[in-house]
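1. coords below, sequence missing:
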């Protein structure tokens, strides 16, 4: 069983490029795979590996400037959910595109997973899902508002156009692991919204510690690796990833006439040309051949 570790931390890195090489070398030496982003504002990503490998990488990250109090979330996978290890340099570790947003200055009120149900059940609280539309589609909290965004950079514009809907409401926001809410709550505070709350540790922490019988979560939680989604207890979900559009495809989707493994799904059948689908079929053929040889094929990486 492999450990999957999701982490982020906002801190000041004066020279992120100097951190990249040693971090990548360590991950490679330990057999750890996944994706980590480095920027001047900190580090973000998800990695997977053996317990020993993950512990070695976490020890290294905690030794980076300002990362001594790093927090992370763990789940498990029966097989490696990533095809390779990537450490990338970015302008932001989660891209919102608003220059003045600074989670290190101030964020909303953290709400423990065990206290979340009571908050979002209050009549004066509006619950906003800060994730993207394809994430919302496979699971969310009861009564949550879907901004319908395709990327996090669209959230500020959506808020400006919809803020009147939430007059005299307290705002509770959530995302997968918590990082998007660090920025979205700081943004709302800058917009004059005083009572802003967010789920500490995100959906992953909630699904880990809140029993299913007490849960207000409906569906599964989209994750950015080959597991595609997880459910209560962070067990792998029932969704798979479309080989073309990378959206999650459910059991019912995979029975639909417009579904072809690795080629298209009911959501994207009209989005690609026949030439595109021919390329996707060839890629899927090569992936199937690699699987028969007992080898991984990078085309399978999400």
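-> Yep, it's here. Source: prediction; values computed, not measured.
2. wait, what's in contact with the closest residue to residue 109 other than its chain neighbours?
-> The shortest distance from residue 109 to any non-neighbouring residue, by CB to CB, 6 or more residues apart in numbering, is to residue 197 (4.7 Å). Any C-beta I mention is one placed from the backbone N, CA and C, and that applies to glycine too. The contact partners of residue 197, taken as CB atoms under 8 Å, 6 or more residues apart in numbering, are 108, 109, 110, 111, 119, 125, 170, 171, 172, 173, 185.
3. give me that answer again for 7 Å
-> Going by CB atoms under 7 Å, 6 or more residues apart in numbering, residue 197 touches 108, 109, 111, 119, 170, 171, 172.
4. narrow those to those that are buried.
-> Among the contacts of residue 197, those scoring as buried are 108, 111, 119, 170, 171, 172 (criterion: 16 or more other CB atoms under 10 Å).
5. in stretch 34-42, what's buried?
-> Buried residues in stretch 34-42, counted by 16+ other CB under 10 Å: 34, 35, 36, 37, 38, 39, 41, 42.
6. picking up where we left off before, figure out how far the helix or strand containing the residue nearest to residue 109 is from the centre of its chain.
-> Element membership of residue 197, judged by DSSP states H and E, is strand 196-199. Centroid separation for strand 196-199 versus its chain: 17 Å, with CA atoms, centre = their mean, to the nearest Å.
7. so for that strand, mean pLDDT?
-> In this model, strand 196-199 has a mean pLDDT of 98.
8. quick one: strands adjacent to it?
-> Strand pairing for strand 196-199, using DSSP bridges, gives strand 109-111 (parallel), strand 170-174 (parallel).
9. between which two of the buried residues of stretch 34-42 is the distance greatest?
-> Using CB to CB, the pair of the buried residues of stretch 34-42 lying farthest apart is 34 and 41, separated by 19.8 Å.
10. out of the strands paired with strand 196-199, nearest to residue 254?
-> In terms of CB to CB, the element of those nearest to residue 254 is strand 170-174, at 28.2 Å.
11. quick one: contacts of the closest one?
-> If you take CB under 7 Å, 6+ apart as the criterion, strand 170-174 is touched by 119-120, 124-130, 141, 181, 184-185, 188, 193, 195-199, 202-203.
12. now list the buried members of these.
-> Neighbour-count burial within the contacts of strand 170-174 applies to 119-120, 125-130, 141, 181, 184-185, 188, 193, 196-199, 202-203; the criterion is 16+ other CB under 10 Å.
13. I am finished for the moment; much appreciated.
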